[in-house]
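Asker: missing the sequence, but the structure's below:
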Ligand SMILES: [Zn+2]
């Protein structure tokens with residue numbers, strides 16, 4: 001079956017807030033080894049609504065109302081040989097180690113990306129930047145010499161809602177950003193964060209074809225909620241962080257995001273005081289299923305581990321290098 005009739009639609013810039021991460025899946029937070037030929041999530045997430053946990057404004061382009069059919073997650077009649085025969089979708093990682101990954105989306109931009117780097121450098125905190133490829137090309141100087149400690153992730157070429165694109169266009173969004181990120185940062189991204197946290201079948205098939213896994217988040221800065229009460233935002237993040245948590249922040253965008261960026265130092269210091277260590281998304285993935293000493297843990301033990309946060313963590317497989325692109 002060929003993908004046809006999937007139209008590309010651009011329209012109003014929309015600002016969506018998926019609400020607190022209590023909306024995150026209560027079941028085991030991972031879709032592991034998705035058989036792309038299977039139905040269910042892969043083929044069924046029309047418009048990505050089931051997985052929307054956004055809170056982002058479209059920065060460069062946004063899709064309008066869904067008028068196109070959901071993209072099938074198997075893009076060709078076959079045979080199809082993606083670089084990865086499976087794609088992991090990760091909200092958080094199963095571990096009892098007190099590891100947390102800070103992530104920053106949508107940059108680099110001149111407004112706040114340099115400030116974020118200054119703070120992370122001063123506190124010696126590694127983070128993962130999910131970059132918009134076209135912005136990186138325009139503002140490459142902002143990250144020059146600043147990415148040594150950090151991981152570069154892929155946030156598409158122009159911040160498109162991949163759930164509304166056919167496979168070919170979704171793949172192009174990822175591939176083009178990948179090339180720019182690898183060239184400018186010298187780091188090959190392995191993790192895709194789809195804009196708005198929206199997944200469709202074509203998001204999964206394009207990620208699989210390019211050897212990517214998908215990384216979402218399990219808590220995000222609720223800037224709108226706490227813009228007038230920074231200490232509450234700090235409390236919210238610190239108290240909501242559990243071993244394996246992935247934190248979503250943005251290093252550009254709406255002005256209310258400054259409430260998070262200006263309070264990174266207390267967030268970082270209080271998490272450290274609680275015994276948390278900051279790692280990149282890939283480092284966090286490598287800790288999946290491991291206990292405080294780095295030893296393998298039985299899954300039952302992880303599930304029973306006392307959560308400083310709320311819910312059982314998801315997981316990702318580790319260490320699989322990206323395929324050819
Ligand atoms: Zn974004």
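Answerer: Nice, thanks for sending it over. The structure displayed is predicted, hence computed values, not measured ones.

Asker: ok, residue 167 - contacts?
Answerer: For residue 167, the contact set (Cβ atoms under 8 Å, 6 or more residues apart in numbering) comprises 3, 71-72, 75, 201-202, 205-206, 209. For the C-beta atoms, the positions are set from N, CA and C on the backbone; glycine is no exception.

Asker: mind checking which of these are buried?
Answerer: Neighbour counting with 16 or more other Cβ atoms under 10 Å marks 3, 71-72, 75, 201-202, 205-206, 209 as buried within those.

Asker: wait, residue 119 sits on residue 263?
Answerer: No: the criterion here is Cβ atoms under 8 Å, and residue 119 misses it with residue 263 at 9.9 Å.

Asker: check which helix or strand covers the closest residue to residue 113 other than its chain neighbours.
Answerer: Using Cβ to Cβ, 6 or more residues apart in numbering and skipping residues adjacent in sequence, the residue nearest residue 113 is residue 107, 4.2 Å away. Residue 107 belongs to no helix or strand when assigned by DSSP states H and E.

Asker: just residue 246 next, same as before
Answerer: Assigned by DSSP H and E, residue 246 belongs to strand 245-250.

Asker: hmm, that strand touching the ion?
Answerer: No: residues of strand 245-250 are not located near the ion by Cβ under 5 Å from the ion, the shortest gap being 6.9 Å.

Asker: helix or strand next in line after that strand, which one?
Answerer: Once strand 245-250 ends, the next helix or strand along the chain (criterion: DSSP H and E) is helix 258-261.

Asker: skip ahead from that next one and say which helix or strand is next.
Answerer: Once the chain leaves helix 258-261, the following helix or strand, as judged by DSSP H and E, is helix 264-273.

Asker: got any ranges where the stretch 1-150 of the chain has weak pLDDT?
Answerer: Counting by pLDDT under 70, the ranges of the stretch 1-150 of the chain that qualify are 1-68.

Asker: all helices of it, in order?
Answerer: With helices called from DSSP state H, counting those that start in this stretch, the stretch 1-150 of the chain shows them at 40-44, 113-123, 133-138, 140-143.

Asker: most tightly surrounded among these?
Answerer: Comparing the helices of the stretch 1-150 of the chain by mean neighbour count (mean count of other Cβ atoms under 10 Å), helix 133-138 comes out on top with a mean of 20.

Asker: who's in contact with that helix?
Answerer: Helix 133-138 has contacts (Cβ under 8 Å, 6+ apart) with 59-60, 106-109, 143, 154-158, 176-181, 184-185.

Asker: before we move on, back to that, residue 149: which of the helices of the stretch 1-150 of the chain is closest?
Answerer: Distance to residue 149, taken as Cβ to Cβ, is lowest for helix 113-123 among these, at 7.3 Å.

Asker: run through the stretch 151-300 of the chain and note the low-pLDDT ranges.
Answerer: Checking the stretch 151-300 of the chain against pLDDT under 70 turns up 291, 298-300.

Asker: the ion contacts on that one?
Answerer: Those residues of the stretch 151-300 of the chain that sit near the ion, judged by Cβ under 5 Å from the ion, are residue 195.

Asker: what residue in the stretch 151-300 of the chain comes nearest to the ion?
Answerer: Nearest to the ion, among the residues of the stretch 151-300 of the chain, is residue 195, at 4.5 Å (Cβ to the ion).

Asker: count the neighbours of that residue for me.
Answerer: For residue 195, the neighbour count with other Cβ atoms under 10 Å is 28.

Asker: please apply the same query to residue 125.
Answerer: By the criterion of other Cβ under 10 Å, residue 125 has 21 neighbours.

Asker: excluding chain neighbours, what is closest to it?
Answerer: In this structure, residue 125 finds its nearest non-sequential neighbour in residue 278, 4.6 Å apart by Cβ to Cβ, 6+ apart.

Asker: quick check: bridge partners of that neighbour?
Answerer: Beta-bridge partners recorded for residue 278 (DSSP bridges): residue 100.
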